[in-house]
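*Asks:* What shape does this take:
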Amino acid sequence: MRVYALIFLLLLTVACQPKPYGPVPTEAQLRWQQMEYNMFVHFGPNTFSGVEWGSGAEPEDLFNPTELDCRQWAATARNAGMKGIIVTAKHHDGFCLWPSQTSTHTVAQSSWRNGKGDVLKELSEACREYGLGFGVYLSPWDRNHPLYGTPAYNDSYVAALQEIHDGRYGPVFEHWFDGACGEGPTGKLQVYDWPTFFGTMRHLSPQTILFSDIGPDCRWVGNEQGRASETAWSRLDTEGFTPGAGAPPIDTLQRGNVHGTAWVPAETDVSIRPGWFWRESETAQLKSTEALFDIWLTSVGRNSVLLLNVPADTRGRIPSADSLRLMEFRALRERVFGNDLAKGARQRLRGNTLDIQLPEDRTFNLIELREDISLGQRIYSFQVETEEDGNWTVLAEGTTIGHKRMLPVPECSSSHLRVSITGAYAKPVLLNAALYRR
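*Replies:* This is a model prediction of the structure:
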């Protein structure tokens, strides 16, 4: 009888579990979303020339880091609380940070390390040592390659994908496809073969998250200021769109599509400096700790993953000023998020309302909510209220939640709150509600 009772309870539990709604993330996409915070490293000839977009005519010997130390990059990223590093393996200038056979504009043609250097090898090994994901940015636009502007260039780009993803550098957690194309109205026109690019990647490395304006695994957030939209759907309609000039409208990239047919969450890329590549003149213009915290709230706190660019300098190291700012930023996050003021509260779910009873009045100004995105994204409106002497006051309202939603609110003290899901396309599943004081 006990066996039958256990089987009955198991079946009842399964029957009561909400069913997935709409498209849902793959296991790889879930792992990626849970990373929340990664490092972007722009590094290449532009580091030495001081420009953002190189012409492709730069001599290979321009690239000559004097003290390249990818272990220092990895140690900095890990100590900052980041989970992975994505490096510009090839930017628009076409210079390859690995000895590629697809180009004559690579580290192999430079005098750095007597032409025997390989930044991707050193960084991938450092990432493994420090327990970080290793990722690459490989620009399809190539201002150096002689085949650019012809169909044959697409074959060359596929060959470069094969070199990077053939296993020599180990697993690659994310691959960045930049949609930039051409030299302007009178320049070369390259028609990228996106289906072949994506198909090649799915064959070579099916667990790698592929980034572009339309995914297929994660999308650009639509700006480079560190701001996801307050309404942020992880769903997107991609039919008829391509990366770059053929991308969906900026508003769509920011908000997603409420009933989109594909799961393509947003990634928020922003630089700690005014530019993407290192320049000594910008060292005094690092984003402040408070500015970085605000970016955290509008990226990770709006259902996105934060990719913070921290460029290496001409030595091939993360500058000390940038590293110090990252540590200050981590200290601030730990101070705020290390003390969940809702801890120890009695939380009861009544229909679509979560009732939170604290042991005593607690002062907070930041609310965090999380939705179980493994079942899809379904909540489209909610409100948070506080109670005093039997009277309820609306403290905050919002639309989407997704993986994580953070809501700054006026500082208040309360011992009784409730989170009400006022709109959902299927039974809402909240994972957590937390309170913090910034």
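*Asks:* where does residue 214 fall, phi/psi-wise?
*Replies:* Main-chain torsions, residue 214, degrees, to the nearest 10: phi -120, psi 20.
*Asks:* same deal with residue 232?
*Replies:* phi -130, psi 100.
*Asks:* Provide a list of residues in contact with the closest residue to it other than its chain neighbours.
*Replies:* Spatial nearest neighbour of residue 232, chain neighbours left out: residue 303 (4.2 Å); criterion: Cβ to Cβ, 6 or more residues apart in numbering. All C-beta atoms are positioned from the backbone trio N, CA, C, and that covers glycine. Contacts for residue 303 (Cβ atoms under 8 Å, 6 or more residues apart in numbering) come out as 228, 232, 234, 265-266, 377, 400-405.
*Asks:* likewise residue 245?
*Replies:* By Cβ under 8 Å, 6+ apart, the contact list for residue 245 reads 179, 181.
*Asks:* can you confirm it is in a helix?
*Replies:* Yes: under DSSP: H, G, I helix; E, B strand; the rest coil, residue 245 falls within a helix.
*Asks:* what about the residue nearest to residue 232, distance to residue 62?
*Replies:* Going from residue 303 to residue 62 by Cβ to Cβ, to the nearest Å gives 41 Å.
*Asks:* So, low pLDDT: which residues of the stretch 51-200 of the chain?
*Replies:* 183-187 (pLDDT under 70).
*Asks:* mind listing the helices for it?
*Replies:* Here the stretch 51-200 of the chain has its helices, by DSSP state H, counting those that start in this stretch, at 70-79, 119-129, 151-164, 194-204.
*Asks:* and the angle for the first one with helix 119-129?
*Replies:* In this structure, helix 70-79 runs at an angle of 40 degrees to helix 119-129, with axes from the mean of the first three to the mean of the last three Cα atoms, to 10 degrees as the basis.
*Asks:* Poorly predicted segments of the stretch 251-400 of the chain, please.
*Replies:* For the stretch 251-400 of the chain, no stretch has pLDDT under 70.
*Asks:* in it, which spans are strands?
*Replies:* Along the stretch 251-400 of the chain, the stretches classed as strands by DSSP state E, counting those that start in this stretch are 262-263, 266-271, 304-309, 346-350, 353-371, 379-388, 391-398.
*Asks:* Tabulate these (CSV), appending mean neighbour count.
*Replies:* As requested, the strands of the stretch 251-400 of the chain are exported to CSV (neighbours: other Cβ atoms under 10 Å):
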stretch, mean neighbour count
strand 262-263, 22
strand 266-271, 24
strand 304-309, 25
strand 346-350, 11
strand 353-371, 17
strand 379-388, 19
strand 391-398, 14
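*Asks:* re the thing from before, looking at the contacts of residue 303, spot the one nearest residue 42.
*Replies:* Taking Cβ to Cβ as the measure, residue 42 lies nearest residue 266 of the contacts of residue 303, at 20.4 Å.
*Asks:* Contact partners for that closest one?
*Replies:* Per Cβ under 8 Å, 6+ apart, neighbours of residue 266: 218-222, 228, 232, 234, 253-254, 256, 303-305.
*Asks:* Out of the residues you listed, list just those in helices.
*Replies:* Among these, the residues falling in helices (DSSP state H) are 253-254.
*Asks:* of the contacts of residue 266, buried ones?
*Replies:* With burial judged by 16 or more other Cβ atoms under 10 Å, the buried subset of the contacts of residue 266 is 218-222, 228, 232, 234, 253-254, 256, 303-305.
*Asks:* which of those residues lies closest to residue 80?
*Replies:* residue 305 (14.9 Å).
*Asks:* contacting residues for the closest one?
*Replies:* Neighbouring residues of residue 305 by Cβ under 8 Å, 6+ apart: 32-33, 35-38, 218, 265-268, 299.
*Asks:* Many thanks, we can stop here.
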